[in-house]
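# How does the following fold in three dimensions:
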Amino acid sequence: MSTKREQVIGYLPDETPSPGKLLIFAFQQLLVMFPATVTVALLTGFHVSTTIFASGLATIAFLLITKGKIPLYYGSSFSYIAAIISVTGVTSGIASDSQISQAQFGIIMSGLVSVAAGLVVSRFGMDVIEKVLPPTVTGSIAMVIGISLAGAAITGSAGYANGAANDHAWIAALVTLFATILFSVYLKGVWGQLPILFGILVGYAVSIPLGLVDFGSIWTGSLVHIPHFTLPAVSWVAVGAIMPIAIATIPESTAHLFQLDIYVNDLAKKKGAKEYRIAEKLGINLIGDGVGDMVASIFGGPAGTNYGENISTMAITKNFSVKMLGTAALMAIALSFIQPLSNIIQSVPGPVINGACIYLFGVIGAQGVAIMINKKVDLFDARNLAIIAIILVIGLGGAYGFPNGMIPIFGAKLPAIATAAMTGIVMNLLLSIGRKQKA
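A predicted model of the protein is given here:
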């Protein structure tokens, strides 16, 4: 029995790879968070280098707040994009310092919402959150998060622009995708924990003769580049626009935590280790999430959340080391100051990253299914089916049916995922009236 356990490859949250492996594993985590985090900055008018710096610093703050018990990486959240743009008024280019400063104040205040929710959960226990956020809600939201990103992964893989796809982009994306899948399935031992990194490297190599890599952009600018920091400025208009989004992102953060609990404990069971009660740490997770928002925004970063891409990478590689994530965060901070390194990562073609994301986003969706299976959700129950159906259709229909996933209704524009989450929560509470609690 002991021999079998020793053959199980993977790192639990309190385990640490050797120094060399630690750096490689951390770099892999950095690669998967980089594109989405940078994209949020580009879409909202925030500075890219500042956003990367804020992402790393917020991750360290989160790991410290949670005392290293929850292996999660903090990155910029897509849920806040529309609300932030409504404050900055920017759809391309960099917003002015005054616009960013106002948005910063709204983001900091939104962090207080997550902190308050975490304090409630910590005070009154899991029973409260399980009534509001049962697995029918969290599992469905996880599926929506993953599948709603599928369109971005596919169009990005196609190099889709101006109504046309790029055949060279497809080649790079498909090579990356299938290389990543083959590496994740067939590589064993330490190599089996680096399928995303290897897949991206193969895709990068293929992209060079296809003319997709711009080497000229790598050595532009100075060696050391100090991120552009801004300070928050009081704006109650920004608070009104941004703060409510935090309420809707709580189910997303909760779903991620439940996913993590399932995969960490699966590895712990195979290794014959203790049980990691990660799901029971929801209160401190929400507090850490809120603190992450405040820390990131103090320096000029957009609002964020624990990243599904990083969770998928951990699930695929079975590497949940907290120190590995802390190392990735330190790398991100260093990267924000060293321009050539940042340029090298930005030189990875979009189709390559999106080829890997086809796999990663699918895994996020599959994790939603895993939550329901793990919690033994009765899919023949009419109430459960109603909640799941509403969340899936509003979330996915809104994401694919309207520009930027914003649902136009009664003169307002509501973000699809957040609206799906809030509708699911309300329906769950309403349909629980008069319902006897099952043992």
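
# can you tell me how far Asn285 sits from Leu31?
Distance, Asn285 to Leu31, by CB to CB, to the nearest Å: 24 Å. Glycine gets a C-beta too; all of them are placed from N, C-alpha and C.

# of these two, who's got more company?
Using other CB atoms under 10 Å as the criterion, Asn285 and Leu31 rank with Asn285 on top: 27 against 20.

# Which residue lies nearest the spatial centre of the chain?
Tyr307 (2.1 Å; CA atoms, centre = their mean).

# so it touches Tyr74, yeah?
Yes: contact criterion CB atoms under 8 Å: Tyr307 and Tyr74 qualify, at 7.0 Å.

# residues contacting Val202?
Contacts for Val202 were tallied using CB atoms under 8 Å, 6 or more residues apart in numbering; they are Val175, Thr176, Ala179.

# Dump the C-alpha coordinates for the helix or strand hosting it into PDB.
Here Val202 is covered by helix 195-207, with elements defined by DSSP states H and E. Provided in PDB are the C-alpha atoms of helix 195-207 (Å, rounded to 0.1, in the frame of the first residue of the first chain):
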ATOM      1  CA  PRO A 195       1.500  20.000 -20.000                       C
ATOM      2  CA  ILE A 196       0.300  23.600 -20.400                       C
ATOM      3  CA  LEU A 197       3.800  25.000 -20.400                       C
ATOM      4  CA  PHE A 198       5.000  22.400 -22.900                       C
ATOM      5  CA  GLY A 199       1.900  22.800 -25.100                       C
ATOM      6  CA  ILE A 200       2.500  26.600 -25.300                       C
ATOM      7  CA  LEU A 201       6.200  26.100 -26.100                       C
ATOM      8  CA  VAL A 202       5.300  23.700 -28.900                       C
ATOM      9  CA  GLY A 203       2.700  26.200 -30.200                       C
ATOM     10  CA  TYR A 204       5.200  29.000 -30.000                       C
ATOM     11  CA  ALA A 205       7.800  27.100 -31.900                       C
ATOM     12  CA  VAL A 206       5.300  26.300 -34.700                       C
ATOM     13  CA  SER A 207       4.200  30.000 -34.800                       C
END
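
# Tell me how far it lies from the chain's centre.
From the chain centre to the centre of helix 195-207 is a distance of 21 Å (CA atoms, centre = their mean, to the nearest Å).

# With stretch 216-232 instead?
Centroid separation for stretch 216-232 versus its chain: 24 Å, with CA atoms, centre = their mean.

# What of stretch 256-276?
19 Å.

# of the contacts of Val202, closest to Ser148?
Ser148 has its nearest neighbour among the contacts of Val202 in Thr176, at 21.4 Å by CB to CB.
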